[in-house]
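1. got a sequence here, can you model it:
(2 chains)
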Protein chains: 2
Amino acid sequence: MLFCNIDVLDEGFILKRGQYVGTRDGMIDYIGPAAPDADYGERYDGRHRLLLPGFYNVHSHAPMTLLRGYAENLPLQRWLNEKVFPFEDKLDDEAAYHGTQLAIAEMLACGTVSFTDMYFFLDGMTRAILESGIKCNLSRGLTVFDDSSYEALPAYQDNLRLLGEWNGANQGRLRGDLCIHGEYTSTPKVVEAVAAQAGACGAQMHIHLSETQEEHEACKQRHGMTPAAYMQAHGIFDVPTTAAHCVWLEGEDFDILKKHGVTVACCPASNLKLASGYANVPRMLDMGINVALGTDGAASNNNLNILQDLYLFAVAYKGYYRDATLITPAQALYAATRAGALSQGRTDSGLLKVGCKADLCVINTDTPQFTPMTDAACNVVYAAQGADIRLTMVDGEVLYRDGSYTTIDLEKVKAEVRLRTSRILSAL
Amino acid sequence: MLFCNIDVLDEGFILKRGQYVGTRDGMIDYIGPAAPDADYGERYDGRHRLLLPGFYNVHSHAPMTLLRGYAENLPLQRWLNEKVFPFEDKLDDEAAYHGTQLAIAEMLACGTVSFTDMYFFLDGMTRAILESGIKCNLSRGLTVFDDSSYEALPAYQDNLRLLGEWNGANQGRLRGDLCIHGEYTSTPKVVEAVAAQAGACGAQMHIHLSETQEEHEACKQRHGMTPAAYMQAHGIFDVPTTAAHCVWLEGEDFDILKKHGVTVACCPASNLKLASGYANVPRMLDMGINVALGTDGAASNNNLNILQDLYLFAVAYKGYYRDATLITPAQALYAATRAGALSQGRTDSGLLKVGCKADLCVINTDTPQFTPMTDAACNVVYAAQGADIRLTMVDGEVLYRDGSYTTIDLEKVKAEVRLRTSRILSAL
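-> Residues are numbered from 1 along each chain as shown, chains lettered A, B, ... in the order given. Model prediction:
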């Protein structure tokens, strides 16, 4: 495809007007102010459109779209025990398939090209992911309290099956990660074994880390060290890791993450709604820690609109730390794009640059909220809505355009999700 | 118009499926589960649509859409002195007219039926407001440091002219308020005179109050009392008042606002972005203070999407006060609707109830973010986007529907705003 006469945000998220961007074989092949000689196929009219790298959502639980609006205004433990766990007990592969489809539809509509997910019912999830064409780093959430025979646990076997059956499917769009759900839902023996397994097979890790104060403090009580120090001590950080939340990091924790190149998946919408606290994002950014964005699941957000997290990332820490100069739009956009690609190990992605993957999104700027466009990055970060996204492209393939999907039958998905949710609710 | 087979949020913001709602002569005339016998004109197909009261945006500076994205990531004083004031010096009535049109377009597209504004260039503003058909409580921002002859000041004369020429225009849709910009931009003599004037002519007051810590503390230094105590002492609260921000209220301030029935115009997006601090909204709600929502101007937000403030209102204070049970969706929706109508003195508005003004909006629920709709109020508050609004009706008149305006030429407005902004920027 050749995007013609289109405004772009360049690698530094500076506006360049009226550019031509050609994609070929899934890659960005040309960027320049003049129309290229080569033929890139379909010509996309770029008037009043802004092209930028697609978004990376590096912490989600896709099938939880089924739980949207089901468990509300509760403290975390009651939210989990009285609502989420009983609902999840009624889920099956088919429900997870449709829930994941809905999640992907919502993500694509908001410009997300890739997500990092941790959940269960991998058969259903992978089916939805592979059919859709979106990119995903997937792992099976591993929670294990009795480690005497954890190797036989379905969750562990499932994740190994993911690494075997599906890893690298769709020309590498689907990748298998390994997962420890969290320190408080595992044992040292299991953590070490999973870390060793990840090292042996080249998988990345996805974990929850210091999301709530209770979890953070309980770890210190149990092990005499913080969750970050615990994960380091048991080898998790010897492999590339994405650690979700990181709200309660303290002292040396920041250095540990920095030293091991751990990505923080910052989930501001979830952290606000569940009242988990405020990650010290300014400090992380100052130290050069790779901070990326996650929506978390729809049960704790309640949408998968990464533009909302982009916005919150840019304003929530200004507000909390009482400094309007903290976190520039460019820093927020980097977190939502390049930092996410790096966290997934996709080093040739997340940049609007020749030679990178053509994972792109197009924003309609012919709207009140983009008028005037005095500082385009500010319009995107502070004023845009998810619905401003007009096209989402993954590996050069258009998956979403002007409200329509090329790989998802949204009407069917909505009907299936409504049906399955109401069935589960009536059985509870 | 007769909304047919439409889901509604009732007065308690509980979902009622498949209702019929008839409007006549600008009022809600019928609500019920069965089709009425009477003829209400056009029949609106309500499948996958949710009808609720339109939103009230009770603190804005509409023409500041021209400054969108112009003054970014700066501390408040530099933001004002280096950026906002020099830009505003270049404004004129024509620019304010187009800027206000753009603001109204953005507000209508997000379901806002009425706004409370404080700015200057009233001729241009009122022209845009009257042409559009939106409701507005308008006042001229009064800042005066030399009070020896404030009666001759253009700002004061302007506001009196508003009360004379335009008050009650468009069948009461436009109302004149009076304004003291803030304690720190006025003198006691002026505050008392304006309060007396408001009492004499039945106008309401619109003020900024304790927005920043600096302003709040400086008032205590100057006058030995907080801004709220100061406004009370000088008679402002003897008339119905909407006080914007109220971030730094302390001690007796809450009782003062409660006693005088002052409405707090809470502006969470602005407060976060400018790092002003967190209003103690939970305490205000506990005390029964009327808390409504404001977007503030586009220069400090950067949009006029009240759904974003509705969302932030529901999550920001949960996060800050570390309690996920604070501020229910129903409380947030009440703030965005009925509380705003009451703050404007429009006691027959802001409710989905027979006998109330037909100020309504319709949300498209046939979207991923509204699937499933297990708790409709949660979908609206936590998951909706501004673009989900499909129809906005004021006094029974459709002003916005499916992306089109009945009273605004959006193409022309966008072109005018782009032109005028670029002219001003090139002259700076």
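
2. how about the residues of the stretch 151-300 of chain A near chain B?
-> A:269, A:271-278, A:298 (CB under 8 Å from any CB of the partner chain). Where C-beta positions appear, they are placed from N, C-alpha and C, glycine not excepted.

3. top of those by neighbour count?
-> residue A:298 (30 neighbours; other CB atoms under 10 Å in any protein chain shown).

4. and it, what does it touch?
-> A:64-65, A:67-68, A:103, A:304, B:383 (CB atoms under 8 Å, 6 or more residues apart in numbering or on different chains).

5. got it, and residue A:284?
-> Residue A:284 neighbours (CB under 8 Å, 6+ apart): A:246, A:254, A:257, A:264, A:291.

6. among those residues, name the buried ones.
-> A:246, A:254, A:257, A:264, A:291 (16 or more other CB atoms under 10 Å in any protein chain shown).

7. so which of those sit within helices?
-> Within these, residues falling in helices by DSSP state H are A:254, A:257.

8. and stretch A:68-77, which residues are buried?
-> Per 16+ other CB under 10 Å, stretch A:68-77 contains these buried residues: A:68-74, A:76.

9. please narrow the contacts of residue A:298 to those residing in strands.
-> Assigned to strands by DSSP state E, none of the contacts of residue A:298 qualify.

10. in chain A, which helix or strand is least confident?
-> None of the helices or strands of chain A scores lower by mean pLDDT, DSSP states H and E than helix A:76-78, at a mean of 80.

11. give me the contacts around that one.
-> A:212, A:214, A:274, A:276, B:324.

12. helix or strand right after it?
-> For helix A:76-78, the following helix or strand on the C-terminal side (DSSP states H and E) is helix A:85-89.

13. send the alpha carbons of that next one over as CSV?
-> The C-alpha coordinates for helix A:85-89 follow below in CSV (Å, rounded to 0.1, in the frame of the first residue of the first chain):
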residue,chain,number,x,y,z
PHE,A,85,-13.2,-16.6,40.2
PRO,A,86,-16.8,-18.0,40.2
PHE,A,87,-17.4,-16.5,36.7
GLU,A,88,-14.1,-17.9,35.4
ASP,A,89,-15.1,-21.3,36.7
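
14. for chain A, longest strand please?
-> Under DSSP E, chain A gives strand A:15-24 as its longest strand.

15. before we move on, back to that, looking at the buried residues of stretch A:68-77, which is nearest chain B?
-> residue A:69 (4.0 Å; CB to the nearest CB).

16. I'd say that closest one and residue B:379 touch.
-> Yes - taking CB atoms under 8 Å as the definition, residue A:69 is a contact partner of residue B:379 at 5.7 Å.

17. is the helix or strand where residue A:416 lies in proximity to chain B?
-> In the assignment (DSSP H and E), residue A:416 maps to helix A:410-427. Yes - using CB under 8 Å from any CB, helix A:410-427 comes into contact with chain B via A:410, A:414, A:417-418, A:421-422, A:425.

18. just put those in JSON lines and tack on pLDDT and neighbour count.
-> Shown next, in JSON lines, are these (pLDDT from 0 to 100; neighbours: other CB atoms under 10 Å in any protein chain shown):
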{"residue": "A:410", "pLDDT": "98", "neighbour count": "21"}
{"residue": "A:414", "pLDDT": "98", "neighbour count": "21"}
{"residue": "A:417", "pLDDT": "98", "neighbour count": "24"}
{"residue": "A:418", "pLDDT": "97", "neighbour count": "17"}
{"residue": "A:421", "pLDDT": "97", "neighbour count": "24"}
{"residue": "A:422", "pLDDT": "96", "neighbour count": "12"}
{"residue": "A:425", "pLDDT": "95", "neighbour count": "15"}
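
19. quick one, helices of the stretch 251-400 of chain A?
-> A:253-260, A:268-273, A:281-287, A:306-320, A:329-336, A:338-343, A:376-378 (DSSP state H, counting those that start in this stretch).

20. state the distance from the residue lying closest to residue A:157 once chain neighbours are set aside to chain B.
-> What sits nearest to residue A:157 in space, not counting adjacent residues and going by CB to CB, 6 or more residues apart in numbering or on different chains, is residue A:151, at 7.9 Å. For residue A:151, the distance to chain B equals 37 Å [CB to the nearest CB, to the nearest Å].

21. got phi/psi on residue A:151?
-> Main-chain dihedrals, residue A:151, degrees, to the nearest 10: phi -60, psi -20.

22. thought residue A:227 was touching residue A:216?
-> Yes - Residue A:227 is within contact range of residue A:216, at 6.1 Å (criterion: CB under 8 Å).

23. what do the two both touch?
-> Between them, residue A:227 and residue A:216 share the contacting residues residue A:210, judged by CB under 8 Å, 6+ apart.

24. sorry, back to before: need the residues of helix A:410-427 next to chain B in a markdown table with distance to residue B:238, can you?
-> Putting the residues of helix A:410-427 next to chain B into a markdown table (distance: CB to CB, whole Å) gives the following:
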| residue | distance to residue B:238 |
| --- | --- |
| A:410 | 56 |
| A:414 | 54 |
| A:417 | 55 |
| A:418 | 54 |
| A:421 | 53 |
| A:422 | 54 |
| A:425 | 52 |
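
25. before we move on, the earlier item: list the helices and strands the next helix or strand after the longest strand of chain A packs on?
-> For strand A:15-24, the following helix or strand on the C-terminal side (DSSP H and E) is strand A:27-32. Here strand A:27-32 touches strand A:15-24, going by 3 or more CB pairs under 8 Å, 6 or more residues apart in numbering or on different chains; DSSP states H and E.

26. report the angle between the strand it packs on and strand A:27-32.
-> 140 degrees (axes from the mean of the first three to the mean of the last three CA atoms, to 10 degrees).

27. and the closest residue to residue A:170 other than its chain neighbours, what element?
-> Distance criterion CB to CB, 6+ apart; nearest residue to residue A:170, sequence neighbours excluded, is residue A:130 at 5.7 Å. Following DSSP H and E, one finds residue A:130 within helix A:122-132.
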